[in-house]
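In: no FASTA, just this:
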């Protein structure tokens, strides 16, 4: 470390505490502290200290506190770099700073509002976030007020995000998920179809709108018993009226964009769509002759038309790998069902008194429904027991369509050819990835520590904004993350109707070597955040004069330095 005076044209020189170190053949310099406001005598004392006149150690430099900092600098730097803080509100508003803290906390350490308040408070801080934002003492009630403030601004913020990422004629992805409650006091929480496998529990449903590249733009919370298609009308209104888009191509799964929704919601509003057909509809096409399976002896894609779908193009695809996987899974489920039925059959035969047809039927029905294989078995039930056998015709009828799926779209071939339509539908995996981040390892939308409906909606919106920041971080950090992707394809997805980026050829090699092309250790997103957290912010005092506390940031490791470089973030910015 050394002290350097940097001349200014019409102002006194800037006095900086700097550090230089070598990485390979490069000499790197960085500024640790601006000493321009220090008295000259104090600067001279520090200069003597650095030259060795006073020993640097327990007597010369004392570390008062050390806080994890690098992950805070990374997330907060990207949040500011993409201008999300400016979208939230006035720069001087404390509520805005608290919302920024909540977003960053949701990424680096998801927790309840009480735990987050303690993590931010100066006295109990577990990271540098509160200090960098200058929050001082933070009370739990302030975070609830900030959350309410954010909920009121949700329409304005979503409209601004849509203006950034959407334009007329663009592709918009939409999907629905749900999360269950453990309390019973929220008016939104209802019993419905649980995607978490928690039958009989209260839950909420939420629909997420994303741009073509998977960037999240808007989220809406519905009652827990809301069916997926019933959420579509509000999204159409949002796209047309609030976002002001006249032409939109909506991509949704087959359970979302049904024929009824197309007829009642999409067509009257002039929206195009890309979706797929359900299994029974595909069987009807095959049985009616519109779908000739012999077409796929030499190719895996064909475009057909059917009178039941006027004005639509149907693109039939066959995936041999998917066909093999479905056949394997069916055989495993059939074998498991036969095993359990055989045990139950023996149990009824051993009974001295007949169980009765009703009791046996209930027991067999509960068991056979466990694996959803009832249609593939024939049962003969008597008062004393039952017998079973496979329904070969039903199994063969299902097996002939293994690996087939049908994409339906209203777009003409001149605007979107068949391969591009298939890729566009597959881009829904980007929304599924967003849901995985929101619900599981990353942002952990559950447990939901709120009872009031508006506050629950604000909490879900907060999680979406956190994923918005995380999405931008993942795009920039691709070279050192395992989930690598081709940047050129991703950029094309932002501006045209094409699928998101496919994994690049280097991704598999990176997973195998566990190292990047630069030879650095590869990371998952959250293991990288944990690594960055070890770049600490240190509050120290100098044993010279009456110097106040000095804030020093630890020197980044090569991996940390590479991450900061990709994110375009300066870890030494401490305010």
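Out: Great, that's in hand. Values in this document were obtained by computation on a predicted structure and should not be read as measured data.

In: lowest-pLDDT helix or strand in this protein?
Out: Scoring the helices and strands of the chain by mean pLDDT, DSSP states H and E places helix 487-495 at the bottom, with a mean of 37.

In: Tell me which helix or strand residue 447 sits in.
Out: Following DSSP states H and E, one finds residue 447 outside all helices and strands.

In: how near is the closest residue to it other than its chain neighbours to residue 437?
Out: In space, and not counting its chain neighbours, residue 447 is closest to residue 182: 6.4 Å by C-beta to C-beta, 6 or more residues apart in numbering. Quick note: C-beta positions are derived from backbone N, CA and C, even for glycine. To residue 437, residue 182 is 22 Å away according to C-beta to C-beta, to the nearest Å.

In: For these two, work out which one has more neighbours and name it.
Out: residue 437 (22 against 12; other C-beta atoms under 10 Å).

In: And the host helix or strand of the more buried one, what does it pack against?
Out: Using DSSP H and E, residue 437 maps to helix 429-439. Secondary-structure packing of helix 429-439 (3 or more C-beta pairs under 8 Å, 6 or more residues apart in numbering; DSSP states H and E): strand 170-180, strand 202-211, helix 453-476.

In: What residues of stretch 249-264 count as buried?
Out: Residues 249-254, 256-258, 261-262 are the ones in stretch 249-264 that count as buried (16 or more other C-beta atoms under 10 Å).

In: swap in stretch 64-76?
Out: By 16+ other C-beta under 10 Å, the buried positions in stretch 64-76 come out as 67-76.

In: can you redo the helices and strands packed on helix 429-439 as a markdown table with mean pLDDT and distance to residue 306?
Out: As requested, the helices and strands packed on helix 429-439 are exported to a markdown table (pLDDT from 0 to 100; distance: least, C-beta to C-beta, whole Å):
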| stretch | mean pLDDT | distance to residue 306 |
| --- | --- | --- |
| strand 170-180 | 89 | 24 |
| strand 202-211 | 90 | 29 |
| helix 453-476 | 93 | 38 |
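
In: want to try TSV for these, with mean neighbour count and distance to residue 330 as columns?
Out: Output for the helices and strands packed on helix 429-439, formatted as TSV (neighbours: other C-beta atoms under 10 Å; distance: least, C-beta to C-beta, whole Å):
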stretch	mean neighbour count	distance to residue 330
strand 170-180	23	26
strand 202-211	24	30
helix 453-476	22	36
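
In: how close does residue 166 get to residue 238?
Out: 11 Å.

In: Low-confidence ranges, the stretch 301-450 of the chain, go.
Out: Scanning the stretch 301-450 of the chain for pLDDT under 70 picks out the ranges 440-442.

In: who's the residue lying closest to residue 304 once chain neighbours are set aside bridged to?
Out: Distance criterion C-beta to C-beta, 6+ apart; nearest residue to residue 304, sequence neighbours excluded, is residue 314 at 5.0 Å. The partner list for residue 314 in beta bridges (DSSP bridges) reads residue 304, residue 408.

In: and the gap between residue 314 and residue 349?
Out: In terms of C-beta to C-beta, residue 314 sits 51 Å off from residue 349.

In: wait, residue 65 sits on residue 539?
Out: Yes - with contact defined as C-beta atoms under 8 Å, residue 65 counts as touching residue 539 (4.5 Å).

In: May I see the domains of this structure written out as residue ranges?
Out: 2-68+536-555, 322-399 (automatic domain parsing).

In: Need the three-state assignment for residue 306.
Out: coil (DSSP: H, G, I helix; E, B strand; the rest coil).

In: Show the contacting residues for it.
Out: 285, 288, 290, 314 (C-beta atoms under 8 Å, 6 or more residues apart in numbering).

In: Can I take it that the residue nearest to residue 447 is in a helix?
Out: No - per three-state DSSP, residue 182 lies outside any helix segment and is coil.

In: how close does it get to residue 115?
Out: In terms of C-beta to C-beta, residue 182 sits 17 Å off from residue 115.

In: what about residue 408, how many neighbours?
Out: 22.

In: One more: residue 397?
Out: 15.

In: Secondary structure element holding the nearest residue in space to it that is not next to it in sequence?
Out: Distance criterion C-beta to C-beta, 6+ apart; nearest residue to residue 397, sequence neighbours excluded, is residue 283 at 7.6 Å. Using DSSP H and E, residue 283 sits in helix 279-288.

In: Please render the domains of the chain as CSV that adds distance to residue 416 to the earlier fields.
Out: Formatted as CSV, the domains of the chain follow (distance: least, C-beta to C-beta, whole Å):
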stretch, distance to residue 416
domain 2-68+536-555, 48
domain 322-399, 23
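
In: hang on, the earlier thing: quick one: which of the helices and strands packed on helix 429-439 is nearest residue 423?
Out: Between residue 423 and the helices and strands packed on helix 429-439, the tightest spacing by C-beta to C-beta is seen for strand 170-180, at 10.4 Å.

In: Quick check on residue 111: phi, psi?
Out: phi -160, psi 170 (degrees, to the nearest 10).

In: do the one 10 residues further on as well
Out: Dihedral angles phi and psi of residue 121 (degrees, to the nearest 10) take the values phi -60, psi 140.

In: isn't it right up against residue 138?
Out: Yes - in terms of C-beta under 8 Å, residue 121 counts as a neighbour of residue 138; the distance is 4.6 Å.

In: the more surrounded of the two?
Out: Neighbour count, other C-beta under 10 Å: between residue 121 and residue 138, residue 138 has more, with 24 against 17.

In: Just to check, the residue nearest to residue 397 is in contact with residue 401?
Out: Yes - judged on C-beta under 8 Å, residue 283 makes contact with residue 401 at a distance of 6.5 Å.

In: what's the span of stretch 183-191 from first residue to last?
Out: 12 Å (C-alpha to C-alpha, to the nearest Å).

In: Could you do stretch 256-272 as well?
Out: End-to-end distance (C-alpha to C-alpha), stretch 256-272: 14 Å.

In: Can you give the distance of that stretch from its chain's centre?
Out: Its chain's C-alpha centre and that of stretch 256-272 lie 27 Å apart, by C-alpha atoms, centre = their mean, to the nearest Å.

In: pLDDT averaged over it - what is it?
Out: The average pLDDT within stretch 256-272 is 90.

In: For it, give me every contacting residue.
Out: Against stretch 256-272 from outside (C-beta under 8 Å, 6+ apart): 174-176, 228-229, 231-233, 236, 239-240, 246-250, 273, 275, 409-411.

In: can you do 7 Å?
Out: Here stretch 256-272 makes contact (C-beta atoms under 7 Å, 6 or more residues apart in numbering) with 174-176, 228-229, 232-233, 236, 240, 248-250, 273, 275, 410-411.

In: now do stretch 558-575
Out: Counting by C-beta under 7 Å, 6+ apart, 23, 30-32, 69-70, 73-74, 77-78, 81, 132, 134, 473, 476-477, 479-480, 518, 520-521, 528, 531-532, 535, 537, 551, 553, 556 sit against stretch 558-575.
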